[in-house]
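> With the input below, show me the fold.
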Amino acid sequence: MAQLGRYADLDGATLLDVGGGPGYFRRAFEGAGATYVALDADAGELAGAGDVHPRTVMGSGMALPFADASVDVCYSSNVLEHVPSPWLMADEMLRVTRPGGLVFLSWTVWFGPWGGHETAPWHYLGGRYARRRYTRTHGHEPKNKYGESLYAATVAQGLRWARTQEAGEVVAVLPRYNPWWSWWLLRVPLVREVVTWNLVIVLERR
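Just a heads-up that it's a prediction; the model follows:
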């Protein structure tokens, strides 16, 4: 919430958390004065914290069930790598955000140290291999199944999308969990893929 608050005034804002499950961030965002709406595609995730809150919606991030320009802030944390068409989801987030509103998008990048989630670091040898190895080792499939619920979303793909989309003005691009003195590595192709754990793209809707 504090990180997002650097870019947007949340007091009085309608905030949509795409992939927000049952609303893990609800208390923090509502504490800042926002009207918080959580969306998730998984009914089990929606009920993960007990009773389902009234401002909780089941739907796809790639086809958001909201009107154009209907929210002030559209937020998504560590979800993009779990959808098969991540940049369609990014476009949808821009679509539902009002002009002058903010989109905050972050994800775990594929070639980073935790790109394979619980199958890391074996994802460096391929997502399918890492999935098979995890299954052999633990006797069950990983929660994040490459090719089904985990996909390769890279730094290069995100930067290309930010550069070519026309609906938003890029406000910031930064490696979320890296120390500030290493941020310059984001300008170095290939290196940025392996040293970036999580990438953030912040846009203002035109």
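
> Could you pull out the strands in the protein for me?
Using DSSP state E, the strands assigned to the chain run over residues 14-18, 35-40, 56-58, 71-77, 97-108, 168-175, 198-205.

> Which among those strands is found nearest to Arg132?
Arg132 lies closest, by CB to CB, to one member of those: strand 97-108, at 20.6 Å. To be clear about C-beta, it is placed using only N, CA and C from the backbone, and glycine gets the same treatment.

> What are the contacting residues of that closest one?
4, 7-8, 69-81, 86, 90, 93-94, 114-115, 117, 153, 158, 168, 171, 176, 197-206 (CB atoms under 8 Å, 6 or more residues apart in numbering).

> Separate out the buried members of the residues you listed.
Among these, those scoring as buried are 4, 7-8, 70-77, 79-81, 86, 90, 93-94, 114-115, 117, 153, 158, 168, 176, 198-205 (criterion: 16 or more other CB atoms under 10 Å).

> Show the low-confidence segments of this protein, by residue range.
The model of the chain has pLDDT under 70 over residues 43-53.

> Stretch 27-38: which residues count as buried?
Phe29, Glu30, Ala32, Ala34, Tyr36, Val37, Ala38.

> can you redo the residues you listed as a markdown table with distance to Gly20?
Below are these laid out as a markdown table (distance: CB to CB, whole Å):
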| residue | distance to Gly20 |
| --- | --- |
| Phe29 | 10 |
| Glu30 | 12 |
| Ala32 | 15 |
| Ala34 | 12 |
| Tyr36 | 8 |
| Val37 | 8 |
| Ala38 | 4 |
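
> and the two most separated of those residues?
It's Ala32 and Ala38 that sit farthest apart of the buried residues of stretch 27-38, by CB to CB, at 15.4 Å.

> show me what contacts Arg55?
Gly23, Thr35, Tyr36, Val37, Ala38.

> Longest helix in this protein, please.
The residue-count maximum for a helix in the chain (DSSP state H) belongs to helix 127-138.

> Return the set of buried residues in that one.
By neighbour count with 16+ other CB under 10 Å, helix 127-138 contains the buried residues Gly127, Ala130, Arg131, Arg133, Tyr134.

> residues in contact with the spatially closest residue to Tyr177 that is not a sequence neighbour?
Nearest non-adjacent residue to Tyr177, counting by CB to CB, 6 or more residues apart in numbering: Trp197, 4.7 Å away. By CB under 8 Å, 6+ apart, the residues touching Trp197 are Thr108, Val109, Gly112, Pro113, Trp114, Pro175, Arg176, Tyr177, Asn178.

> Dump these into CSV; add distance to Arg187 as well.
Output for the contacts of Trp197, formatted as CSV (distance: CB to CB, whole Å):
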residue, distance to Arg187
Thr108, 20
Val109, 15
Gly112, 16
Pro113, 20
Trp114, 22
Pro175, 11
Arg176, 16
Tyr177, 18
Asn178, 13
